[in-house]
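Student: Predicted model and sequence below, questions to follow.
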Amino acid sequence: MTILIHLSDLHFGHAFVPQIGELILKEIADIQPEIVVISGDFTMRARHSEYAQARAFLDRITIPVLTIPGNHDQPLFAPIERLTRPMGRYAKYIHNAIDTTRATSGWFVAGLNDNRPILPGGFWSRDQCAWLARECANAPCGATRVLATHHQLDWAGKWRPAGMWYPARAREFLARCGVELVLNGHTHIPGAIQTREGIVIARAGTATSNRTRYGQSNSYNLITRDEKQISVFVRRYDERAHAFIAERAFTFARNDKFVNRNS
Ligand SMILES: [Fe+2]
Ligand SMILES: [Fe+2]
């Protein structure tokens with residue numbers, strides 16, 4: 001069994017809750033997953049001070065990490081910079097490559113930036129699709145192919161991202177690339193489904209910010225994979241225990257076409 005920890009929407013700045021941040025770091029150190037994926041919204045307003053705090057947090061994780069930016073990671077109060085270099089601060093503080101991949105034992109994760117400076121997010125350009133197809137074609141044997149984007153691929157009737165007018169087409173494209181697991185953030189509401197193509201889409205809540213929604217607590221997802229199944233465990237923050245506890249588990253049988261292709 002191999003483990004991936006998926007965090008999202010840390011929102012360093014006034015919304016960040018430091019005590020919960022410390023707990024998350026302890027969870028990662030205790031669990032020792034193969035990889036940590038952080039799917040955007042590191043900051044509230046992309047201020048330098050917020051990014052510096054996010055960098056210090058990342059520096060304390062000793063396990064391989066893959067990051068992608070979120071819509072909040074583009075500077076809000078510097079409009080010219082937002083238009084001309086929307087991911088400049090992200091590149092300076094978090095990771096110099098914006099669309100990036102990381103392979104570890106059992107996982108091959110591609111992170112794709114689906115934010116746009118003016119329009120709502122959820123767009124993948126043609127170049128990005130070509131990049132993803134290329135990267136997946138060269139993924140190591142035996143690694144489960146994972147795509148991380150900030151905006152949600154599955155919206156359950158709400159919060160439809162602007163770029164996702166043709167979700168079936170996107171899912172079919174991902175299945176052709178061999179992508180078996182999609183990781184999203186943005187809504188601050190955790191959940192997981194399996195599409196008819198056999199792709200597991202897992203959404204993480206906000207791990208460390210007070211911007212929780214609809215009665216949800218802070219949470220993160222612990223994802224495991226073996227030869228037969230992918231499981232998504234939502235671990236939520238319990239205020240009374242001041243600890244993350246198991247809340248919900250989603251288990252999905254792996255589609256043979258992915259098992260055969262990715263092994
Ligand atoms: Fe967010
Ligand atoms: Fe967001």
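Tutor: Everything's here; your move. Ligands and ions are numbered 1, 2, ... in the order given.
Student: Give me the contacts around the longest helix seen in the chain.
Tutor: Ranked by residue count, the top helix of the chain under DSSP state H comes out as helix 18-31. Helix 18-31 has contacts (CB atoms under 8 Å, 6 or more residues apart in numbering) with 3, 5, 7, 10, 36, 57, 60-63, 207-208, 218, 220, 222, 235, 237, 242-244. Backbone N, C-alpha and C define where each C-beta goes, glycine included.
Student: Report the contact partners of Thr149.
Tutor: Counted by CB under 8 Å, 6+ apart, Thr149 has contacts Ser39, Ile68, Gly111, Leu112, Asn113, Asp114, Gly122, Trp124, Val182, Leu183, Asn184.
Student: so how far is the strand or helix carrying Val232 from its chain's centroid?
Tutor: According to DSSP states H and E, Val232 maps onto strand 229-238. Computed by CA atoms, centre = their mean, to the nearest Å, the chain-centroid distance of strand 229-238 equals 14 Å.
Student: Could I get the CA-only coordinates of it as CSV?
Tutor: Extracted as CSV, the C-alpha positions of strand 229-238 are listed here (Å, rounded to 0.1, in the frame of the first residue of the first chain):
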residue,chain,number,x,y,z
GLN,A,229,-8.6,-0.2,-4.8
ILE,A,230,-8.1,3.5,-4.2
SER,A,231,-9.3,4.8,-0.8
VAL,A,232,-9.8,8.5,0.2
PHE,A,233,-10.0,9.1,3.9
VAL,A,234,-11.2,12.5,5.0
ARG,A,235,-9.5,13.5,8.2
ARG,A,236,-11.1,16.4,9.9
TYR,A,237,-10.0,18.7,12.7
ASP,A,238,-11.9,18.0,16.0
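Student: quick one: it to helix 18-31, angle?
Tutor: Here the directions of strand 229-238 and helix 18-31 differ by 140 degrees (axes from the mean of the first three to the mean of the last three CA atoms, to 10 degrees).
Student: Give the other helices and strands that strand 229-238 contacts.
Tutor: helix 18-31, strand 191-194, strand 200-203, strand 219-225, strand 243-253 (3 or more CB pairs under 8 Å, 6 or more residues apart in numbering; DSSP states H and E).
Student: most tightly surrounded among the ones you listed?
Tutor: Each of the helices and strands packed on strand 229-238 was scored by mean neighbour count; the highest is strand 200-203, a mean of 26, by mean count of other CB atoms under 10 Å.
Student: Listing partners with orientation, what would you give for that one?
Tutor: strand 179-184 (parallel), strand 191-194 (antiparallel) (DSSP bridges).
Student: got TSV for the helices and strands packed on strand 229-238, with mean pLDDT and distance to Cys129 too?
Tutor: Formatted as TSV, these follow (pLDDT from 0 to 100; distance: least, CB to CB, whole Å):
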stretch	mean pLDDT	distance to Cys129
helix 18-31	98	32
strand 191-194	95	22
strand 200-203	96	18
strand 219-225	97	24
strand 243-253	96	25
